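S.K.: coordinates for the following, if possible.
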Amino acid sequence: MGPSPTAARRRPSLPWWLPLVPLLWSSVARGALPFGSSPRRVGAELLSEQQLLEAEDLSLSLLQDRGLGPLSWSLPPDLPDLGPECQELLLDFARSSAELTRCMVRSARPVRLCQTCYPLFQQVASKMDNISRAVGNTSESQSCAKSLLMADRMQIVVILSEFFNTTWQDANCANCLTNNSEHLSNSTEHFLTLFNQTLTCFEHNLQGGSHNLLPPKNYSEVCKNCHTAYKSLSSLYNEMQKMSDLEQKAEAGAHLCIDVEDSMNITRKLWSRTFNCSVPCSDTVPVIAVSVFILFLPVVFYLSSFLHSEQKKRKLILPKRLKSSTSFASIQENSN
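M.R.: Just a heads-up that it's a prediction; the model follows:
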């Protein structure tokens with residue numbers, strides 16, 4: 001009766017001294033002789049170098065076949081070894097984060113953060129959702145979310161995502177976008193169009209070259225020809241600011257998005273400081289009239305008070321004179 005399949009598949013047990021064979025042969029080859037043996041006897045029993053290598057390879061192969069060699073080692077299951085799906089999610093988040101960071105830095109001055117980087121911000125938010133939602137509700141995806149978001153103290157992915165969200169909120173980019181944050185709002189696009197038209201008007205009407213904006217220069221043509229464009233831009237900005245205050249009146253310190261604010265600040269600095277454009281007469285006449293009226297109010301008040309007090313004095317003195325004359329007449333009659 002032949003051996004059973006189980007017995008045929010069972011590996012033969014090896015002696016305990018077999019792993020020491022390569023070391024013994026290496027010692028002999030290097031001349032390290034065992035104690036109690038002479039060099040002549042050992043030299044007669046030495047094998048060739050090729051035979052030593054063959055014996056060492058045979059012993060290592062037997063050890064690996066028994067599960068004792070280094071090639072059979074594997075990481076313990078509790079180490080953070082990410083699966084292919086989890087690695088792909090992490091790489092996607094890394095790529096989108098790098099693109100968003102590059103866009104934010106390039107759009108820092110002049111500020112074009114919201115209008116340029118909003119597609120990349122939506123992409124990063126989508127990649128973060130893919131990691132945190134545990135796609136497919138499988139054990140592997142849940143383990144991936146735990147490994148990437150909660151496995152260590154630093155939590156790099158979470159910190160990076162919070163940085164992007166905080167920056168986006170501080171810039172108030174939502175005020176420049178539609179409700180679904182997929183496109184720029186109509187008011188923002190209109191404002192940016194007027195802003196570009198105003199800057200184009202400034203450039204076309206500069207005297208002495210557009211690259212030299214230092215005084216003393218004559219910018220009368222800029223103030224004259226670009227007044228309409230600047231007035232339209234300023235009026236639209238004031239309307240957008242009022243609408244933002246009405247929509248976010250419950251929030252303290254509501255602002256427009258940083259792109260609109262920075263563009264308006266640049267335009268106002270050019271208009272007032274660089275070009276030194278004065279306020280038109282149509283705006284100064286009401287201001288002067290109100291100022292003169294306020295200045296004359298104290299004069300009118302003191303003049304009316306003075307006239308009113310003089311009138312009261314006259315009314316009080318007249319009865320005293322009449323009373324003294326009547327009393328003098330009565331005294332004369334009594335003496336007669």
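
S.K.: any regions of the stretch 1-150 of the chain where pLDDT drops low?
M.R.: For the stretch 1-150 of the chain, residues meeting the criterion pLDDT under 70 lie at 1-81, 134-142.

S.K.: for Asn201, what are its contacts?
M.R.: Small correction: residue 201 is Cys, not Asn. 222, 225-226, 229 (CB atoms under 8 Å, 6 or more residues apart in numbering). From N, CA and C alone the C-beta is placed, and that goes for glycine too.

S.K.: go again using 6 Å as the cut-off
M.R.: Contact partners of Cys201, counting by CB atoms under 6 Å, 6 or more residues apart in numbering, are 226, 229.

S.K.: any idea of the pLDDT on it?
M.R.: Note on Cys201: pLDDT of 94.

S.K.: and it, that one's in a strand?
M.R.: No. For Cys201, which was evaluated using DSSP: H, G, I helix; E, B strand; the rest coil, the result is helix, with no strand membership.

S.K.: how far away is it from Asn265?
M.R.: Spatial separation of Cys201 from Asn265 under the definition CB to CB, to the nearest Å is 18 Å.

S.K.: ditto for Ser304
M.R.: As defined by CB to CB, Ser304 lies at a distance of 47 Å from Asn265.

S.K.: do Leu113 as well
M.R.: Taking CB to CB, one finds Leu113 at 15 Å from Asn265.

S.K.: and Leu90, what element?
M.R.: Counting by DSSP states H and E, the secondary-structure element that holds Leu90 is helix 84-106.

S.K.: pull out the buried residues from that helix.
M.R.: For helix 84-106, the buried set under the neighbour-count rule, 16 or more other CB atoms under 10 Å, comprises 86, 89-90, 92-93, 96-97, 100-101, 103-104.

S.K.: could you save the residues you listed as JSON lines and add columns showing distance to Leu270?
M.R.: Conversion of these to JSON lines gives the following (distance: CB to CB, whole Å):
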{"residue": "Cys86", "distance to Leu270": "52"}
{"residue": "Leu89", "distance to Leu270": "47"}
{"residue": "Leu90", "distance to Leu270": "46"}
{"residue": "Asp92", "distance to Leu270": "43"}
{"residue": "Phe93", "distance to Leu270": "41"}
{"residue": "Ser96", "distance to Leu270": "36"}
{"residue": "Ser97", "distance to Leu270": "36"}
{"residue": "Leu100", "distance to Leu270": "31"}
{"residue": "Thr101", "distance to Leu270": "31"}
{"residue": "Cys103", "distance to Leu270": "26"}
{"residue": "Met104", "distance to Leu270": "25"}
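
S.K.: nearest to Cys277 among the residues you listed?
M.R.: Nearest to Cys277, judged by CB to CB, of those is Met104 at 33.8 Å.

S.K.: residues in contact with Val157?
M.R.: Shown in contact with Val157 (CB under 6 Å, 6+ apart): Leu148.

S.K.: then the one 5 residues further on?
M.R.: The neighbourhood of Glu162, defined by CB under 6 Å, 6+ apart, contains no residues.

S.K.: if we can go back for a sec, quick one, the helix or strand just after the helix holding Leu90 and helix 84-106 angle?
M.R.: Once the chain leaves helix 84-106, the next helix or strand it forms, by DSSP H and E, is helix 113-132. Here helix 113-132 runs at 170 degrees with respect to helix 84-106, directions being taken by axes from the mean of the first three to the mean of the last three CA atoms, to 10 degrees.

S.K.: how about helix 113-132: buried residues?
M.R.: Buried residues in helix 113-132, counted by 16+ other CB under 10 Å: 113-115, 117-118, 120-125, 127-128, 130-131.

S.K.: can you name every helix or strand that the helix or strand Tyr237 falls within contacts?
M.R.: If you go by DSSP H and E, Tyr237 is part of helix 227-247. On a contact count with 3 or more CB pairs under 6 Å, 6 or more residues apart in numbering; DSSP states H and E, helix 227-247 meets helix 186-204.

S.K.: mind listing what's buried along the helix or strand just after the helix it packs on?
M.R.: Moving toward the C-terminus from helix 186-204, the next helix or strand (DSSP H and E) is helix 220-225. For helix 220-225, burial by neighbour count (16+ other CB under 10 Å) applies to 222-223.

S.K.: pLDDT on helix 220-225, on average?
M.R.: 91.

S.K.: list the contacts of it.
M.R.: Outside helix 220-225, the residues that touch it by CB under 6 Å, 6+ apart are 202, 205, 207, 275, 277.

S.K.: out of those residues, what pair is the most spread apart?
M.R.: With CB to CB as the measure, no two of those lie farther apart than Gln207 and Cys277, at 13.5 Å.

S.K.: the two: who's more crowded?
M.R.: Higher neighbour count among Gln207 and Cys277: Cys277, with 18 against 12, using other CB atoms under 10 Å.
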